[in-house]
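J.: Pasted the sequence and its predicted model underneath.
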Number of protein chains: 2
Amino acid sequence: MTGKSLLNTFLLAITFQCVGAIAAQDPLSSWHNTKSKQTIITFVKQVTDSNSAKFVSKSERIATFDNDGTLWAEQPIYTQLLFAIERIYALAPDNPEWQTKEPFATLLKGDIPGALIKSKTAVNDIVMAANTGMNNENYNDLVTEWIKTAKHPVTKQPVTNMVYQPMLELISYLQDNGFKTYIVSGGGIEFIRAWSESVYGIPPEQVIGSTVKRTYQLQNNKMVIVRHPEMDFYNNNSNKVIAINTHIGRRPIAAFGNSDGDMQMLEYVSSGKGSRLSMIIHHTDKKREWAYDRNSEIGKLDQGLDKALKNNWQLVDIQKDWKVIYPEPKN
Amino acid sequence: MTGKSLLNTFLLAITFQCVGAIAAQDPLSSWHNTKSKQTIITFVKQVTDSNSAKFVSKSERIATFDNDGTLWAEQPIYTQLLFAIERIYALAPDNPEWQTKEPFATLLKGDIPGALIKSKTAVNDIVMAANTGMNNENYNDLVTEWIKTAKHPVTKQPVTNMVYQPMLELISYLQDNGFKTYIVSGGGIEFIRAWSESVYGIPPEQVIGSTVKRTYQLQNNKMVIVRHPEMDFYNNNSNKVIAINTHIGRRPIAAFGNSDGDMQMLEYVSSGKGSRLSMIIHHTDKKREWAYDRNSEIGKLDQGLDKALKNNWQLVDIQKDWKVIYPEPKN
């Protein structure tokens, strides 16, 4: 063997090793090889293959994800509501009138479920009192600080560790295939923006959510945006479609949700032309997570379940489709 | 000279030629080398130099541009109003009641200025009648078709050729330096989205504008977004700041406007920390374009002019700062 052919053999060997390593790397390694995973992969291959009749140009590859129950756990309580309750406790010394004013009085006695059903507006009253009254930049700081140490009430894990590992892989897989990924949540837009980039790799400008009324005004010699305790836009049901139109201006080609509030978004996506992916995360895993659908107070999936079956949307069965639920636990 | 040194000399010559060509390529070649251009270049160098104390990470490099009067001509009439008037003429045969209903009756007699001042709501009535009543996808098709052949009433040039060449270069220069560029216009968001990518290189999801009320509903067996003749959000003055917050969720570091309606946006940008660029396009060129400011009905720049001087915002003097105004004329 000459020196040159030895080198060639060596280079060839390296090349094969690299190809092998790449082939072994499964971008959706936390997904079992069931129909859900195959549906995702087939869809992505179709829309990214320029020789396919179903090819979609990069600029049109838009994917939208609901947040609570789709990207992270929403049981036994929405994380933003947890933030609100903890903040009410923290603010209580400065608000003595809450000791006699509902739903705060009940909440401060430690009866969280009782406070939440105290009146029709109880949840809204708590959320508004906790999430408004400051300027946007201060609010961002508050959420950023809180989420660093906030723990899930049941698992005692950091709330940022209660994200679904298979969905993190799905976001990355779509991004790696040229998709622009958006969150389209009923939760507060600024609440999610404070951590969406570090947790999901989704920047603030790709977060769509509910908004409160705001004014632009002078505060401590600086022009800022002040948050007021009144709903501006509640991003759920048909409003998710309107918000997608306002923010994105294109019809997405893929959407992921888990509750009835996501149905219009999934339907909007699937009623467009060409290859489409509308997927529902069905919470079926009592042991590793929670099992709930038609009769749940949180994340109710009733009409959506019927629609999914009728429209042939892919139902992700967490118990059967996901090898793991969460990333490695943290101490 | 050996063969090898000959090759080296040849390669060196090519290298010098390339370096020369790159140095000669001025990204802002339509700008005179005045203070405006120098201010832009200094700012971009500061925020992109990782050794500078004023360095800004790529994700925070957000620049917002007003549209009418900042990126394209707004005299003697806003282009979207031109679209609306032409559409009213086209729709007149199907709307016989307009023959006796103002402001349409006056408009259909050919008296455009008379129609526009017929009542306080005349402009709004015309714009709403022309821009709503159809679904979003049909509206996009309408604007896309119209703009292919629409001509400016004075210059008879395609309206898409009435864009400011120096501003096109500025958008590209910022994009090439890692900026995400947004349009923040008082004009209709969907009107601009129909051509912003082909004309400015700005995709639909980076266009922020005024919106009409919309509903998500079934039309001809397809779920679509229908546009209704009622204002949802008028994106001007302080609302530009609120819309930037809703859509982007970060404070931009550069903003460009030309009228009083842009002042809050420029002020919001300049009151942030670090290096900031707030710039006003001042229409001073009667010969090559139009000259107007404090007393203009369209694009009034009055309080803004005072604010600019007080806050040391850079005023672009079109007459002195721009070598050319428009791209090469088209036949």
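T.: Cool, the structure landed. Numbering: from 1, shown residues only, chains lettered A, B, ... in the order given.
J.: interface residues of the stretch 101-250 of chain A facing chain B?
T.: Counting by Cβ under 8 Å from any Cβ of the partner chain, the stretch 101-250 of chain A comes close to chain B at A:136, A:180, A:189-190, A:193, A:197, A:203-205, A:207, A:211, A:214-216, A:222-223, A:225, A:238, A:241-242, A:245-250. Where C-beta positions appear, they are placed from N, C-alpha and C, glycine not excepted.
J.: Buried subset of these as a ChimeraX selection?
T.: Remark: buried members of these, expressed as a ChimeraX selection using 16 or more other Cβ atoms under 10 Å in any protein chain shown:
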select /A:136,180,189,190,193,203,204,205,207,211,214,216,223,225,238,241,242,245,246,247,248,249,250
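J.: Which of the residues of the stretch 101-250 of chain A next to chain B fall within strands?
T.: Filtering these for membership in strands, criterion DSSP state E, returns A:Lys180, A:Val207, A:Thr211, A:Arg214, A:Thr215, A:Tyr216, A:Lys222, A:Met223, A:Ile225.
J.: mind checking the backbone torsions on the nearest residue to the third one once chain neighbours are set aside?
T.: So that's A:Thr211. Nearest-residue entry for A:Thr211: A:Asp232, 4.3 Å, with adjacent residues in sequence omitted and distances by Cβ to Cβ, 6 or more residues apart in numbering or on different chains. According to degrees, to the nearest 10, the main-chain angles of A:Asp232 amount to phi -100, psi -50.
J.: thought A:Asp232 was touching A:Gly209?
T.: No. At 11.0 Å, A:Asp232 does not count as touching A:Gly209 under the criterion of Cβ atoms under 8 Å.
J.: These two: which has the busier surroundings?
T.: Per other Cβ atoms under 10 Å in any protein chain shown, whichever of A:Asp232 and A:Gly209 has more neighbours is A:Gly209, with 26 against 14.
J.: Where does that one sit: helix, strand or coil?
T.: Counting by DSSP: H, G, I helix; E, B strand; the rest coil, the backbone at A:Gly209 sits in strand.
J.: That one contacts A:Tyr182, doesn't it?
T.: No. Here A:Gly209 does not reach A:Tyr182: they are 10.4 Å apart, not a contact under Cβ under 8 Å.
J.: what pLDDT does the residue nearest the centre of chain A get?
T.: In chain A, the C-alpha nearest the mean C-alpha coordinate belongs to A:Asn67, at 2.2 Å (Cα atoms, centre = their mean). A:Asn67 carries a pLDDT value of 98.
J.: Tell me how far the residue lying closest to it once chain neighbours are set aside lies from chain B.
T.: The shortest distance from A:Asn67 to any residue that is not its chain neighbour, by Cβ to Cβ, 6+ apart, is 3.8 Å, and that residue is A:Ser185. Using Cβ to the nearest Cβ, to the nearest Å, we find A:Ser185 at a distance of 13 Å from chain B.
J.: what sits against A:Ser185?
T.: For A:Ser185, the contacting residues are A:Asp66, A:Asn67, A:Asp68, A:Ile192, A:Val207, A:Ile208, A:Gly209, A:Ser210, A:Asn235, taking Cβ atoms under 8 Å, 6 or more residues apart in numbering or on different chains as the criterion.
J.: and which of these is nearest chain B?
T.: The shortest approach to chain B among the contacts of A:Ser185 belongs to A:Val207, at 6.6 Å (Cβ to the nearest Cβ).
J.: where along the stretch 1-150 of chain A do the helices fall?
T.: With DSSP state H, counting those that start in this stretch as the definition, the stretch 1-150 of chain A shows helices at residue ranges A:3-24, A:35-48, A:79-91, A:104-108, A:112-116, A:122-131, A:136-149.
J.: quick one: buried residues of the helix or strand following the last one?
T.: On the C-terminal side of helix A:136-149, the closest following helix or strand by DSSP states H and E is helix A:165-176. With burial defined by 16+ other Cβ under 10 Å, the residues of helix A:165-176 counted as buried are A:Gln165, A:Pro166, A:Met167, A:Leu168, A:Glu169, A:Leu170, A:Ile171, A:Tyr173, A:Leu174.
J.: tell me the angle of helix A:165-176 relative to helix A:35-48?
T.: 10 degrees (axes from the mean of the first three to the mean of the last three Cα atoms, to 10 degrees).
J.: For the stretch 151-300 of chain A, give me the ranges with low pLDDT.
T.: Per-residue confidence for the stretch 151-300 of chain A (pLDDT under 70) gives no ranges below the cut-off.
J.: re earlier: how about the residue nearest to A:Thr211, what does it touch?
T.: Going by Cβ under 8 Å, 6+ apart, the list of residues near A:Asp232 reads A:Ser210, A:Thr211, A:Val212, A:Lys213, A:Arg214.
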